[in-house]
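# got a predicted structure here, sequence first:
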Amino acid sequence: MKYVDEFRDGERARELAQKIGQEVAPDRLYHLMEFCGGHTHAIFRYGIPDLLPSQIKMIHGPGCPVCVLPIVRIDSAIELALDHGVILCTYGDMMRVPGSRKMSLLKARAQGADVRMVYSILDALALAQNNPDRDVVFFAIGFETTTPPTAMAIRQAERLKLENFSVFCNHVLTPSAISTILESPEVRELGTLPLDGFIGPAHVSTVIGSQPYEYFAEEYQSPVVIAGFEPLDVLQAILMLVRQINEGRAEVENEFTRAVTRDGNVKAKKVVADTFEMRREFEWRGLGLVPYSGLKIKSNYARFDAEQRFTLKRRSAQENKACECPAILRGVKTPRDCKLFGTVCTPENPIGSCMVSSEGACAAHYSYGRYRDQAIIDDKPSMIKTSST
Amino acid sequence: MCLAIPVRVEELQDNEMALVDIGGIRKSISIALVENVVVGDYVILHVGYALNKIDPQEAERTLALFAEMGDLDQIANDAAAQL
């Protein structure tokens, strides 16, 4: 497929990897965090860790919207579906995410709730038009990529004078999450997670542009390279980061110039700004309460806001204590460090959110990386002891 | 969630919609978020909406960059072999 296949050329990938190997300093480590779940997925799917020299450590960040949604919001969506008799629509990967007591939207559906998987919020709008006697609620999640479509749909609902359509808004903002990681005690004080550079989000940046990352480069002296999601894009970004680190630079560079400009998509940004406003704080799974990191629907569109329209019980929810998702999302632990990984928690029966979405670090690791781990363990019997203590 | 793909715009439709080709499958998507879309444009499709256009010149430039890197290595290897 055009603009996909060309960026998957195996020969070029090997050349890029060789180049990275030549340019890394033998006596130092490069801790690089890819923020986006799309990158995590690409890194595992194409076996990129096998191509990289041992000096490069890829740390999988929190950039999967499914993985960072706290249990209490999932419980609210389940409550909407079960107790309020609405048609609840959402994207496919939200369906299996466990809320409290292992309940999920899929299980709510089995109990009689009307839960529908949609590919686009446009499908939810169509459902509302075709079912005028039912309330249709769209369970909206995602970063700056899915936010403009939600904003557009709310505008469309207003134009169509839809009385039975509303949005349960859980949209979150990428730059505030990156700040939180850089400011978290593990990163700043304890030094357990030194980050030498970031691979910046691809599709988020097509909307917000490369400009918002300039603050990180300046304030935290952390290089950022925005990269596409194809394997050559990721390798090229790693090479560009290695070069910046070697030269002591901390700049925002853009590998994904075919779709990202400095200003991003101005039209999309305007629609979002006109439809949403910032919440003072929003809870992220793994990061806790992050100030000004989530969006809510503006008051002039309040009739399309499910949180205004329905009375939802506010409950606190407990995560499974053994689940290491919070530490994995901050890059402090890897899926292998979690006792539940691959035993109790699998993609068929996920306990934590990182195992649900195909972009989650645990699911990507389970699908593509666990046999590689096993090979390492088989080679070195002493490691079994280490990993079990 | 973020696994968007490039698609080619085949036909413009009413209400800021367009027919696109996704690896041989035709689907109607919204182009309401992107300015001045014309037939033949490649756009990044995500959850039923085009998010942005792909600039073919920039795509070629990125590919040329990868290719050049390989060529440079070849030149370096050849030079080393001659020493």
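In hand now; what should we look at? Numbers count the residues shown, from 1 in each chain, chains lettered A, B, ... in the order given.
# what distance do you get for the residue of chain B found nearest chain A to residue A:268?
Of all residues in chain B, residue B:48 sits closest to chain A, at 2.5 Å by CB to the nearest CB. Quick note: C-beta positions are derived from backbone N, CA and C, even for glycine. According to CB to CB, to the nearest Å, residue B:48 stands 14 Å off from residue A:268.
# more crowded one of those two?
Comparing residue B:48 with residue A:268 by neighbour count (other CB atoms under 10 Å in any protein chain shown), the higher total belongs to residue A:268, at 27 against 19.
# so that one makes contact with residue A:145?
No: assessed by CB atoms under 8 Å, residue A:268 is found out of contact with residue A:145, at 9.5 Å.
# which neighbours do these two have in common?
Taking CB atoms under 8 Å, 6 or more residues apart in numbering or on different chains as the criterion, residue A:268 and residue A:145 both touch A:207, B:51.
# tell me where chain B has strands.
Secondary structure of chain B by DSSP state E: the strands cover B:5-12, B:17-22, B:25-30, B:42-46, B:49-53.
# so for chain B, the centremost residue is which one?
Chain B has residue B:54 as the residue nearest its centroid, 4.5 Å off, counting by CA atoms, centre = their mean.
# excluding chain neighbours, give the residue nearest to that one in space.
Once flanking residues are discounted, residue B:54 sits nearest to residue B:42: 4.2 Å by CB to CB, 6 or more residues apart in numbering or on different chains.
# need the contact list for that neighbour.
A:2, A:3, B:6, B:7, B:8, B:9, B:53, B:54, B:56.
# need the buried ones from these selected in ChimeraX.
The buried subset of those, as determined by 16 or more other CB atoms under 10 Å in any protein chain shown, is captured in ChimeraX by this line:
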select /A:3 /B:6,7,8,9,53,54
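# pLDDT and distance to residue A:206 for the contacts of residue B:42 - can I get that in TSV?
As requested, the contacts of residue B:42 are exported to TSV (pLDDT from 0 to 100; distance: CB to CB, whole Å):
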residue	pLDDT	distance to residue A:206
A:2	84	17
A:3	86	13
B:6	91	11
B:7	93	14
B:8	95	17
B:9	97	16
B:53	96	9
B:54	96	9
B:56	94	15
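# tell me which of the strands of chain B sits most buried.
Among the strands of chain B, the stretch with the highest mean neighbour count (mean count of other CB atoms under 10 Å in any protein chain shown) is strand B:49-53, at a mean of 25.
# contacts for that one next, please.
So strand B:49-53 is contacted by A:120, A:122, A:145, A:148-149, A:152, A:203, A:206-207, A:259-260, A:264-265, A:268, B:4, B:7, B:9, B:18, B:29-34, B:37, B:41-45 (CB under 8 Å, 6+ apart).
# then stretch A:288-301?
A:147, A:154, A:158, A:167, A:169-173, A:176-177, A:180, A:272, A:274-284, A:304-305, A:307-308.
# from these, which ones fall inside strands?
Using DSSP E, the contacts of stretch A:288-301 in strands are A:167, A:169, A:170, A:171, A:276, A:277, A:278, A:281, A:282, A:283, A:284.
# give the buried subset of those residues as a PyMOL selection command.
Those of the ones in strands among the contacts of stretch A:288-301 that meet the burial criterion (16+ other CB under 10 Å) are gathered into one PyMOL selection, given here:
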select buried, chain A and resi 167+169+170+171+276+282+283+284
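# lowest-confidence one in the ones in strands among the contacts of stretch A:288-301?
Within the set of the ones in strands among the contacts of stretch A:288-301, pLDDT is lowest for residue A:284 (89).
# okay, and residue A:134 sits in which element?
When elements are assigned from DSSP states H and E, residue A:134 belongs to no helix and no strand.
# name the nearest residue to it, sequence neighbours excluded.
Nearest non-adjacent residue to residue A:134, counting by CB to CB, 6+ apart: residue A:87, 5.3 Å away.
# on the strand side of things, show who the one you found bridges to.
Counting by DSSP bridges, residue A:87 is bridged to residue A:114, residue A:136.
# which residue, other than its chain neighbours, is closest to the spatially most central residue of chain A?
Centroid check for chain A by CA atoms, centre = their mean gives residue A:64 as the closest residue, at 1.4 Å. Nearest residue to residue A:64, sequence neighbours excluded (CB to CB, 6+ apart): residue A:37, at 3.2 Å.
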